[in-house]
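> A predicted structure for the sequence below; I have some questions about it.
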Amino acid sequence: MSEDRDYEIFEVDQHIVAHSKYYAGRMGSRFYLTLRDEKKILGIRCANCERVYWPPRSTCGRCFSQLSEDKMVEIGPRGTVETFTLVTYSEPVHPRKSPFIYGIIRLDGADTSIVHFIDEVEFEKVQIGMRVRPVFAETRNGNILDITHFRPL
Amino acid sequence: MEPEEPKQELINIPITVDVPYRFAAGTYMAKFLVELRDNGKFYGIKCPVCKRVQMPPRIVCAACHVKNTEWVELGPEGTLVGFTIMYLPLTDPTTGKPHEPPFSYGSVRLDGSDSVLDHFLNIEPKVEKIRVGMRVKAVLRPREQRIGDLSDILYFEPISRQ
Amino acid sequence: MKRNVAIIGGGQTYHAARRHDVNQVEMVNEAVRAALEDARMTIDEIDTVLVGNMEFFEGTHMTDCWLVDGTGAYGKPGLKITTGGTVGATIVCAGAHHVASGLFDTVLCIGFEKQEEGDTGAILSGVAHPLYGRSMAGAAVGYFAMMGTSYMAAWGATEIHSAMVAVKARQNARKNKYAHLKLDITVEDALNSRMLAYPIRMLDMCPASNGACAMILADEKTAKDRCKNPVWIRAMDTAHNEQFELDWRDVTTTKPIFSRTSAARVYKQLGVNKPADYFDVFEIYEPATWAEMVWYEDLELCGPGEGFKLIEEKRTEIDGPIPVNPSGGVLSTNCIGASAMLRVWEAALQIRGDAGEHQVPKEVRRALTTAYGGTNWTVLTALSRSLDD
């Protein structure tokens, strides 16, 4: 066998499929269950630095205080658009087909914001500072898409 | 020590990730796989310094840090250095299909090679039928079914003169 | 090392098959708070945070980034390390380098795994070469099974020796309040447990655990100022096998495989002639029983082919002359990203005399720990109570 023989480029297309289950924990579960069963959005207040986090978490990232469930507070449901974009390409991981608008929304009473869809509005009319409210899904399963999107007030 | 499971319902969210990729074998591995696929032959490569014959072939001898250059045909007979009888239905991650248990599985040193290769054994899955040191040979798929992958080898089976 | 490095605190979660009560951040935070409490420190006194786990085992990437609330790394320098099963020991090794170099005085090291959340088999298959073995990637149990058949054929050991290792681990685990499998089992129980891959039965193999471990490392000045009982890191070594070369399963191989190479380097560095006498306790990485017997030999606690005699003669029991894995080891608890760190932390607890019920009943001045990465590489860590040892 000759050392310098030319070989074809040898490439293969494969894929790996991995399943996982994310456990939300006690506090995270209470957030999702309240969303699912009562259509209410919970945050959590840090007793030390007074920040209100959404989603709720058990440690304050800023001051490392342990946060307790009894400090969970209802926030929103109204909020303010902090920034936004129009997505015009599609990826298999997107939960919706493009085009769609999504933005970062600060709920009233919260010090942190979350990414979600903004719908029932033309892209040209969306503005930073626009007031929005959540629209809840008819069938809710205990995940963040129990809010289908936010829409202008 | 362990706290009681809380009464509250606990949420979990199932997520599936499917990652596609294109893998390039590189020159040396390509030679190995093409020879296996087209000619049914096993090739290793010999280090010019330590003289170890390495399979699959690779461009650098990891021990000597020199370029490997001398191609050597190996096997198809070899010796079993370890084995197991698998009772778990292991899934082939590239097809998603399980290998039906129980099955025999072993580690084979092809004649002329300093490396070992893991593969299925075509031996009844009974401990008394298999032993370390056993002589075996590779049985390949027919040429038209071979794709250039270790699955081109159907299995290793005992050499009949035993 | 340019500067001496001490372990000045540590902590772990309890380990269990299910932790639905906490998410990943919260579980990691339990270990971090335990470590800070043990060291009597606040997070503000930590200079940098190193965290690691098995890559994508929980279906999450960039764990350094999104566990930041729980790790305490907010606003601090830090990084993620992922080196397979060795990762917990690699994090400690990297942490020690960070201190030894003078870059930082205090380092928080964290290893974790929430194994129930992910798809271990699928992700591990990604370790195999896509064209050379991935389609047949056996679970870890298959590799250890072949190590077992090779071991029995070469040295004349039997499944009974494997069962003895299985029993020792679980009986030790019963004394460790944090361990996962605290099983009151006998050799007969082990021999009668379900066959997974001959010769490995259910009780010859580690569980899949959830849990985390955290340790705080510091320079000599900080350690002496802040800590009554620092444990010193005296030597560390990492060694890899060649890709594709699975010789470690052929137990008669004379090639310089990772475990022996690494042990030889550590012993040379410390001037160790008789490791079984030099070290008072060992915490080794044994996902399967056969690996423990092979480690005895690779660490030169006995001659080649004599590992099974050590367990037969009960020499490695908690009250034996060469105690190995008084904690119950990986066979009793395997939250993989934390497992190799737990070896180091358990060894440190033994040196401090703080291991509680599983404290070995003799003076412990020196300890050696090992790790396994894909069974193809290792990280060894040697600890001592005094810098004079």
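Looks like it came in fine.
> A helix includes C:Leu191, no?
Yes. The assignment for C:Leu191 is a helix, going by DSSP: H, G, I helix; E, B strand; the rest coil.
> Could you give the number of residues near the nearest residue to it once chain neighbours are set aside?
Counting by C-beta to C-beta, 6 or more residues apart in numbering or on different chains, C:Leu191 lies nearest to C:Ala163, which is 5.0 Å off, once chain neighbours are set aside. Just so you know, the C-beta spots here come from the backbone N, C-alpha and C atoms, and that holds for glycine as well. Neighbour count for C:Ala163, taken as other C-beta atoms under 10 Å in any protein chain shown: 24.
> Run the chain-centre distance for stretch C:30-48.
With C-alpha atoms, centre = their mean, to the nearest Å as the basis, stretch C:30-48 stands 21 Å off its chain's centre.
> May I have it as PDB, with CA atoms only?
Extracted C-alpha coordinates of stretch C:30-48, given in PDB (Å, rounded to 0.1, in the frame of the first residue of the first chain):
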ATOM      1  CA  GLU C  30     -25.900  23.600  49.800                       C
ATOM      2  CA  ALA C  31     -22.300  22.400  49.400                       C
ATOM      3  CA  VAL C  32     -21.000  25.900  49.000                       C
ATOM      4  CA  ARG C  33     -22.700  27.000  52.300                       C
ATOM      5  CA  ALA C  34     -21.400  23.900  54.100                       C
ATOM      6  CA  ALA C  35     -17.800  24.600  52.900                       C
ATOM      7  CA  LEU C  36     -18.000  28.300  53.900                       C
ATOM      8  CA  GLU C  37     -19.400  27.400  57.300                       C
ATOM      9  CA  ASP C  38     -16.700  24.700  57.800                       C
ATOM     10  CA  ALA C  39     -14.000  27.300  57.000                       C
ATOM     11  CA  ARG C  40     -15.800  30.000  59.000                       C
ATOM     12  CA  MET C  41     -15.600  32.300  56.000                       C
ATOM     13  CA  THR C  42     -18.000  34.500  54.000                       C
ATOM     14  CA  ILE C  43     -18.200  34.500  50.300                       C
ATOM     15  CA  ASP C  44     -16.600  37.900  50.200                       C
ATOM     16  CA  GLU C  45     -13.400  36.300  51.500                       C
ATOM     17  CA  ILE C  46     -13.200  34.100  48.400                       C
ATOM     18  CA  ASP C  47     -10.900  35.400  45.600                       C
ATOM     19  CA  THR C  48     -12.000  33.100  42.800                       C
END
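> That stretch close to chain B?
No. Stretch C:30-48 lies out of reach of chain B by C-beta under 8 Å from any C-beta of the partner chain, never closer than 10.7 Å.
> Looking at the backbone only, give me phi and psi for the one residue in chain A that gets nearest to chain B.
The nearest approach of chain A to chain B comes at A:Phe10, 3.7 Å away (C-beta to the nearest C-beta). Note on A:Phe10: its backbone torsions stand at phi -110, psi 100 [degrees, to the nearest 10].
> Count residues in the vicinity of A:Arg45, would you?
Quick note: A:Arg45 (other C-beta under 10 Å) scores 22 neighbours.
> do the one 10 residues further on as well
Summarising burial for A:Pro55: neighbours were counted as other C-beta under 10 Å, giving 18.
> and the nearest residue to it once chain neighbours are set aside, what is it in contact with?
Counting by C-beta to C-beta, 6+ apart, A:Phe31 is the residue found nearest to A:Pro55 once chain neighbours are left out, at 5.6 Å. Taking C-beta atoms under 8 Å, 6 or more residues apart in numbering or on different chains, we find A:Phe31 in contact with A:Ala24, A:Leu42, A:Pro55, A:Pro56, A:Met72.
> Equivalent analysis for A:Arg151, please.
Taking C-beta under 8 Å, 6+ apart, one finds A:Ile118, A:Asp119, A:Glu120, A:Val121, A:Val132, A:Arg133, A:Val135 in contact with A:Arg151.
> again, but for C:Arg365
For C:Arg365, the contacting residues are C:Asp280, C:Ile351, C:Ser384, C:Arg385, C:Ser386, C:Asp389, by C-beta under 8 Å, 6+ apart.
> Please identify which pair of those lies farthest apart.
C:Asp280 and C:Ser386 (12.6 Å; C-beta to C-beta).
> Quick check: nearest residue in space to the closest residue to chain A within the stretch 151-300 of chain C, chain neighbours excluded?
Proximity to chain A, evaluated over the stretch 151-300 of chain C using C-beta to the nearest C-beta, is greatest for C:Asn210 at 9.3 Å. With sequence-adjacent residues excluded and distances taken as C-beta to C-beta, 6+ apart, C:Asn210 is closest to C:Arg19, at 4.3 Å.
> after the worst-scoring helix or strand of chain B on mean pLDDT comes which helix or strand?
Sorting the helices and strands of chain B by mean pLDDT, DSSP states H and E puts strand B:12-24 at the bottom, at a mean of 89. Once the chain leaves strand B:12-24, the next helix or strand it forms, by DSSP states H and E, is helix B:27-39.
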